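Chemist: My questions are about this predicted structure, shown below with the sequence.
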Amino acid sequence: MKHRIAPFLALVAVFGLLSCASGPSKEQQLVNKAVEALGGAQTLADIRTTTYKGNLKQWEPEQSDVPGGEMRFANEAQIEGMVDVQARASRVDWVKNFAYPAPRTFTYSEIVTPTAGYVMGVDSNGRNAESQKANPPAHSMSGYRLATSQREGRRGAVSSLLLAMFFTPEQVQPAADIVVQGRAYPAVSYQGFIVAFDPQTGLPARVRTLDYDNIWGDVTYDQVLSDWKEVNKVKVAMNRKTELNGRVISDFTFTDLKFNQALDAKRLAIPNEVRASAAKPATGNVPYQWVLRRQYIGVYMDSDNVSYDTKGSQGLRLQEVSPGVHHVVGGTHNSLVIEMSDFLVIFDAPVTDAQSAWVISTVKSRFPNKPVRWVVLTHHHMDHAGGVRGLLVDGGTLVVGTPGRAHFQKVLAAPATRNPDLTPRSFAAIQIMEVTDSHVISDSRGRQVMMYVMDNPHAKGMMMGWVPDAKLGFVTDIWSPGPPLPAKPNPGLVAVVNTVKKAGLQPERFAGGHGSTSDYASLARLAGQ
């Protein structure tokens, strides 16, 4: 944001007259004090460019080993960035070293402008069709990712955010104090952000948004500002942590920061041919937490449908793999639907309630008068359980492996008023069955569906599904049937074979929570070598 001196003084004069006429509100006083503490309105308005370097660490709370357990350490990254304030364009160059779900390093760059976003290099295991076709790899950002990047850019540029609030006081609204560890921080609301201030220094202390998380429902997402230092007469928070419901999930520290350095405009440019077809920033219900946190673990599929690649897939479909057994495919994550005599059993509730709503609508049309009576989760991770509410809209019993019951009791009792895909309702009364070893679901005609708790390297309480009359198993994450098997068995594949042996099963095929279907004999031969 750049202001010439004359317009700046005119605005200040007008603002001063308004203040004298009615007196500044409590909210305006907080903003004014913060702007002055940051260096003053003129100093902030004179910032034309920002260049920086920093280190970042990120954790993912919903990929824990144990349901409700310790967060997984996701990655550590080195970052170099630049911002053209007037053009509202930015670039970030990443070297991102992942620890989870597997060690690897992605080196890539992101460019964000008001109307388009661009990624150069490989930034995810979940590459979309555009990225895979490009040589070298590159792709335009989806509208979801662009909107998320723009929002987080505004949050991070706190001096620009406060300056905008200073010049548009009519948009600054009251907000309740934010209380942290017994200390109250006065706060204001502005264009979707809640900014809380340190009552002693007047500096902004945290910048909050009210988000929706597919597991925990309504959540607070805060950037917490600390370690203030002066850079070219501007106070800067050199450390920025982000908190999800009070839990620190990222930690960023500037190692270098400069203002008003000359920028190479070419490094902020998106190729014309990309810009012409690039998505505009999404509006409305943007799944911010999904977009952000799938990037934390390097598996984000950059698309304007979170379930499938809009540039490479026809969308979700129900594929019959055996009489009365249907595989939900076409997306990044699959479910398995088993038709019983007078009800349905569904394994896994992946991604979001939007995908679950599609599944429910489809199975009601295909199997009228057969309710979803059992929803079985292979494990608790957010990408395979994020649509659990959507599959339980008509009731039913949730089945989880031990020790998942207490975790999902808390999940289903959490408020979900911001859910973009479901009308708010209570799921606290849903019955939850916890399986310690195995369980059998039977119908009036003798059809059985079984589940077995697995000793595995991915998650405690993980279960394998088994449909005896179809000789079909269902497994998620530790084996993705369909793609070629590796040259040597890994611990996940061995876990599948060991579970089959322990249960005394004789499967012909497996369907996957990822991938498609595959014969079991090939896996058994690999594990036996």
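Modeler: All right, it came through fine. Residues are numbered from 1 along each chain as shown.
Chemist: CA only for contacts and neighbour counts going forward, please
Modeler: OK.
Chemist: For the closest residue to I478 other than its chain neighbours, which residues are in contact?
Modeler: Sequence neighbours aside, G492 is the residue nearest to I478 in space, at 4.5 Å (criterion: Cα to Cα, 6 or more residues apart in numbering). By Cα atoms under 8 Å, 6 or more residues apart in numbering, G492 lies in contact with N456, P457, H458, I478, W479.
Chemist: Redo the residues you listed as JSON lines? Include pLDDT.
Modeler: JSON lines is the format used below for those (pLDDT from 0 to 100):
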{"residue": "N456", "pLDDT": "98"}
{"residue": "P457", "pLDDT": "97"}
{"residue": "H458", "pLDDT": "97"}
{"residue": "I478", "pLDDT": "98"}
{"residue": "W479", "pLDDT": "98"}
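Chemist: Looking at those, spot the one nearest R151.
Modeler: Proximity of these to R151 (Cα to Cα) peaks at H458, which lies at 33.0 Å.
Chemist: Only C-alpha atoms, please: export stretch 509-525 in CSV.
Modeler: What follows is stretch 509-525, C-alpha atoms only, in CSV (Å, rounded to 0.1, in the frame of the first residue of the first chain):
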residue,chain,number,x,y,z
ARG,A,509,-8.6,-58.7,-4.2
PHE,A,510,-8.2,-55.6,-2.2
ALA,A,511,-9.8,-52.2,-2.8
GLY,A,512,-8.0,-49.1,-1.5
GLY,A,513,-8.8,-45.9,0.3
HIS,A,514,-6.4,-44.6,-2.4
GLY,A,515,-5.8,-46.1,-5.8
SER,A,516,-8.2,-48.7,-7.2
THR,A,517,-8.3,-52.5,-6.8
SER,A,518,-5.6,-55.1,-7.1
ASP,A,519,-5.2,-58.9,-6.7
TYR,A,520,-3.9,-60.0,-3.3
ALA,A,521,-1.7,-62.8,-4.6
SER,A,522,0.9,-60.4,-6.0
LEU,A,523,1.3,-58.7,-2.6
ALA,A,524,1.5,-62.1,-0.8
ARG,A,525,4.3,-63.2,-3.2
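Chemist: so what does the longest strand along the chain touch, helix or strand wise?
Modeler: Identified as the longest strand of the chain according to DSSP state E is strand 217-231. Applying 3 or more Cα pairs under 8 Å, 6 or more residues apart in numbering; DSSP states H and E, we find strand 217-231 packed against strand 204-213, strand 234-244.
Chemist: what's the closest of those strands to T49?
Modeler: Taking Cα to Cα, strand 234-244 is the member of the helices and strands packed on strand 217-231 nearest to T49, at 13.1 Å.
Chemist: Tell me the strands beside the closest one, with direction?
Modeler: Partners of strand 234-244 in the sheet, by DSSP bridges, are strand 217-231 (antiparallel), strand 247-259 (antiparallel).
Chemist: Can you add mean pLDDT and distance to G54 and give the helices and strands packed on strand 217-231 back as TSV?
Modeler: Shown next, in TSV, are the helices and strands packed on strand 217-231 (pLDDT from 0 to 100; distance: least, Cα to Cα, whole Å):
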stretch	mean pLDDT	distance to G54
strand 204-213	98	19
strand 234-244	98	9
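Chemist: most packed of those?
Modeler: The highest mean neighbour count among the helices and strands packed on strand 217-231, using mean count of other Cα atoms under 10 Å, belongs to strand 204-213: a mean of 22.
Chemist: can you list contacts of it?
Modeler: For strand 204-213, the surrounding residues in contact (Cα under 8 Å, 6+ apart) are 34, 155, 185, 192-198, 218-226, 287-290, 416, 418-419.
Chemist: The residue nearest to the spatial centre of the chain: what secondary structure?
Modeler: Closest residue to the average C-alpha location of the chain: W290 at 2.0 Å, with Cα atoms, centre = their mean. What DSSP: H, G, I helix; E, B strand; the rest coil gives for W290 is helix.
Chemist: residue contacts, it?
Modeler: D213, N214.
Chemist: what about S365, neighbour count?
Modeler: S365: 11 surrounding residues under other Cα atoms under 10 Å.
Chemist: That one sits in which helix or strand?
Modeler: Assigned by DSSP states H and E, S365 belongs to helix 353-366.
Chemist: Okay, now the sheet partners of the following helix or strand past that helix, with direction.
Modeler: Remark: after helix 353-366, the chain's next helix or strand is strand 372-376, criterion DSSP H and E. Here strand 372-376 is paired, per DSSP bridges, with strand 344-347 (parallel), strand 397-401 (parallel).
Chemist: can you list contacts of strand 372-376?
Modeler: Identification of contacts with strand 372-376 by Cα under 8 Å, 6+ apart yields 343-349, 388, 391-392, 394-400.
Chemist: now the angle from it to helix 353-366?
Modeler: Interaxial angle, strand 372-376 versus helix 353-366 (axes from the mean of the first three to the mean of the last three Cα atoms, to 10 degrees): 140 degrees.
Chemist: For the following helix or strand past strand 372-376, what is the distance to the chain centroid?
Modeler: Where DSSP H and E defines the elements, the next helix or strand beyond strand 372-376 is helix 382-385. Relative to its parent chain, helix 382-385 has a centroid offset of 11 Å by Cα atoms, centre = their mean, to the nearest Å.
Chemist: now A138: how far from R127?
Modeler: 10 Å (Cα to Cα, to the nearest Å).
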